[in-house]
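A.B. asks: Attaching a predicted model along with its sequence, questions to come.
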Amino acid sequence: MGRPPGRIQHRPFQMRVSDEFLKSVDKWRLVQAGRPSRAKAIRQLVELGLLFRKESPKTKASGVPSRARI
């Protein structure tokens, strides 16, 4: 195991999350093809969220659905 060759991800990023958040991520990633790692699943979910935001009509002035606000 280890990092795949040729993959460029050179900036570490850390965040604190709740147990519920991790359980949700784990539940999602376990039904995905190839069962991505937790880190890869979070990257994929962020990319999906950004794509959704770009493609969907704005729901508020900020363009972020109220449920997604932090």
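C.D. replies: That came in fine, so what should we check first? Residues are numbered from 1 along each chain as shown.
A.B. asks: can you give me how far the biggest helix by length in the chain is from the chain middle?
C.D. replies: As assigned by DSSP state H, the longest helix anywhere in the chain is helix 38-55. Helix 38-55 sits 4 Å away from the centroid of its parent chain (Cα atoms, centre = their mean, to the nearest Å).
A.B. asks: before we move on, what about stretch 35-44?
C.D. replies: Distance, centroid of stretch 35-44 to centroid of chain: 7 Å (Cα atoms, centre = their mean).
A.B. asks: quick one: the helices in this structure?
C.D. replies: Ranges of helices in the chain, per DSSP H, are 19-29, 38-55.
A.B. asks: Would you agree Gln44 is in contact with Arg35?
C.D. replies: No. Applying Cβ atoms under 8 Å, one finds Gln44 not in contact with Arg35, separated by 11.9 Å. C-beta: built from backbone N, CA, C; applies to glycine.
A.B. asks: When these two are compared, which one has more neighbours?
C.D. replies: Gln44 (15 against 10; other Cβ atoms under 10 Å).
A.B. asks: how far away is that one from Arg29?
C.D. replies: Using Cβ to Cβ, to the nearest Å, one gets 8 Å for the distance from Gln44 to Arg29.
A.B. asks: which residues do those two both contact?
C.D. replies: Shared contacts of Gln44 and Arg29 (Cβ atoms under 8 Å, 6 or more residues apart in numbering): Pro36.
A.B. asks: Low-confidence stretches in this protein?
C.D. replies: Across the chain, residues meeting the criterion (pLDDT under 70) sit at 1-4, 9, 58-70.
A.B. asks: One more pass at 90, please.
C.D. replies: In the predicted model of the chain, residues 1-13, 52-70 satisfy pLDDT under 90.
A.B. asks: Pro12: which of the helices of the chain is closest?
C.D. replies: Pro12 sits nearest to helix 38-55 of all those, at 10.5 Å, using Cβ to Cβ.
A.B. asks: buried residues in that closest one?
C.D. replies: Buried residues in helix 38-55, counting neighbours by 16 or more other Cβ atoms under 10 Å, are found at Ala41, Ile42.
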